[in-house]
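Trainee: Model the following, please.
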Amino acid sequence: MQVVILIGGLGTRLYPYTYTTPKSLLPIANRAFLDLGCQWLRANGASEVVFAVSHFASAIIEFLQQTNAARGFNVKIRMEDRPLGSGGALKNCADILQDDFLLLNGDILMDMELGNLMELHRRSGAMVTATVSKIEDTRRWGILDIQDDDRVLGWQEKPSPEEAKSLWGNVGAWAMSRKILEFIPEDRFVSLEKETFPLLFEQAIPFSGHRFSGYWKDIGTLDNYVQANRDLLAGAIRGFEPNGRERSRGIWEDDSVQIADNVDFVPPVVLGSNCRIGGGAQIIGPTVIGCGARVGSGARIESSILWNNADVGEHVEMRDAVIGEASVGSNCVLGPGCAVASNTVIHEGINLPSETVLGPGSRMSGTR
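Mentor: Model (predicted):
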């Protein structure tokens, strides 16, 4: 089974983290998102995966080459020297593609059985079979006008609730016939959703839908990224679990962690390799502590995500925060929803208001 992954986007909805880290390498419960995706592809029998890359291409290629994430299937890389959109990126892979293939958005976390999608596609005789799921807010998704027999008659891009033909939204996973390439112009930016698919409907080309009711999450926004971490810790994503051993129910840790006396854990919590937790700290889940991270004594970390090598000082208080590879000084208080990018330093005694966003390289000093 051949799979194409669209992985070249800028990830603007995940700023400030994607200023320095590609979206596909953001950590989900201490595992790179791309690592989770490769595990899913292996489990579903992918034989060849084509990664269509552009932004941060070198970091993505290095990850694939230096880890075992892509073991078990053949890897091909197709570069874009400029943004080509979903359709243009697919056209750029034309010489690689076989008769039927799967196309996946690179920011979707899901537990769907891909073989079922391919089987349904081949039985339907359609040129495209789009995976759809019931959604609540039509203004955030591509909406498909899908019939009881799974034929799709039209595509609406983010319609208002009053205009929407259905509540079946595009998930970002398609099975396609190679013939779709005939409808995509060469060497320019092309959107499948806004240009190619409307052309197929205009010419009455068979287009089918696959209704999916399992887990899926577009991690392309900060809220969804945080929720994906929580979902993995909660066991909500079939086939995925945190790294490490479960030393007690809902607490995963690597054997190399260093935990001082009188640390209070409230699950679910995952502790990365070589992290250090100071005495009297409170780690309240759902919380992720990254590999090599440090949490000082007396700190209270609640419902937060600390990336690898984050350094959090003594008696820091934070809730619902995401901390990159950054330093937070002792006695700081971070209000709910704070987002702190890597290479940032927050000096001792700072009180950050709720929803504060600090970009990479920021420096905060002063007293509470």
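
Trainee: For the stretch 1-150 of the chain, which segments count as strands?
Mentor: Remark: strands assigned in the stretch 1-150 of the chain by DSSP state E, counting those that start in this stretch are 2-6, 27-28, 31-32, 48-53, 74-79, 100-105, 108-110, 128-134, 142-146.

Trainee: Check which helices and strands the longest one is in contact with.
Mentor: The one in question is strand 128-134. Packing contacts for strand 128-134, counted by 3 or more C-beta pairs under 8 Å, 6 or more residues apart in numbering; DSSP states H and E, involve helix 114-124, strand 142-146, strand 168-177, strand 207-211. The way it works is simple: take the backbone N, C-alpha and C, and place the C-beta from them, glycine included.

Trainee: And those: which comes nearest residue 273?
Mentor: The closest of the helices and strands packed on strand 128-134 to residue 273 is helix 114-124. By C-beta to C-beta, the value is 30.9 Å.

Trainee: Show me what counts as buried in the helix or strand of the chain with the lowest mean pLDDT.
Mentor: Every helix and strand of the chain was ranked by mean pLDDT, DSSP states H and E. The lowest is strand 245-248, at a mean of 84. Using 16 or more other C-beta atoms under 10 Å as the test for burial, strand 245-248 gives no buried residues.

Trainee: Given that strand, what are its sheet partners and their directions?
Mentor: Take DSSP bridges as the rule and strand 245-248 pairs in its sheet with strand 251-253 (antiparallel).

Trainee: which residues touch the partner strand?
Mentor: Strand 251-253 is contacted from outside by 241-247, 259, 265, 267-271, using C-beta atoms under 8 Å, 6 or more residues apart in numbering.

Trainee: any idea how far residue 283 is from residue 172?
Mentor: Distance, residue 172 to residue 283, using C-beta to C-beta, to the nearest Å: 34 Å.

Trainee: er, residue 355 I mean
Mentor: Per C-beta to C-beta, residue 355 is found 23 Å from residue 283.

Trainee: Looking at these two, which one has more neighbours?
Mentor: Between residue 355 and residue 283, counting by other C-beta atoms under 10 Å, residue 283 is the more crowded of the two (24 against 11).

Trainee: State whether that one is indeed within a helix.
Mentor: No. Counting by DSSP: H, G, I helix; E, B strand; the rest coil, residue 283 is not found in a helix; it is strand.

Trainee: how near is residue 292 to residue 355?
Mentor: Distance, residue 292 to residue 355, by C-beta to C-beta: 28 Å.

Trainee: Okay, helices next: where are they in this protein?
Mentor: Remark: helices assigned in the chain by DSSP state H are 33-43, 57-66, 85-91, 114-124, 197-202, 222-233.

Trainee: deepest of those helices, which one?
Mentor: Of the helices of the chain, the one with the most neighbours on average (mean count of other C-beta atoms under 10 Å) is helix 85-91, at a mean of 24.

Trainee: What separation is there between the residue nearest the centre of the chain and residue 240?
Mentor: Compute the mean C-alpha point of the chain, and by C-alpha atoms, centre = their mean the closest residue is residue 219, 3.8 Å away. Residue 219 is 13 Å from residue 240, where distance means C-beta to C-beta.

Trainee: now do residue 157
Mentor: Distance, residue 157 to residue 240, by C-beta to C-beta: 30 Å.

Trainee: Which one of those two is surrounded by more residues?
Mentor: Taking other C-beta under 10 Å, residue 157 and residue 240 do not tie; residue 240 has more neighbours (19 against 13).

Trainee: Does the more buried one touch residue 39 like I think?
Mentor: Yes. The pair residue 240 / residue 39 is scored as a contact, 7.2 Å apart, by C-beta atoms under 8 Å.
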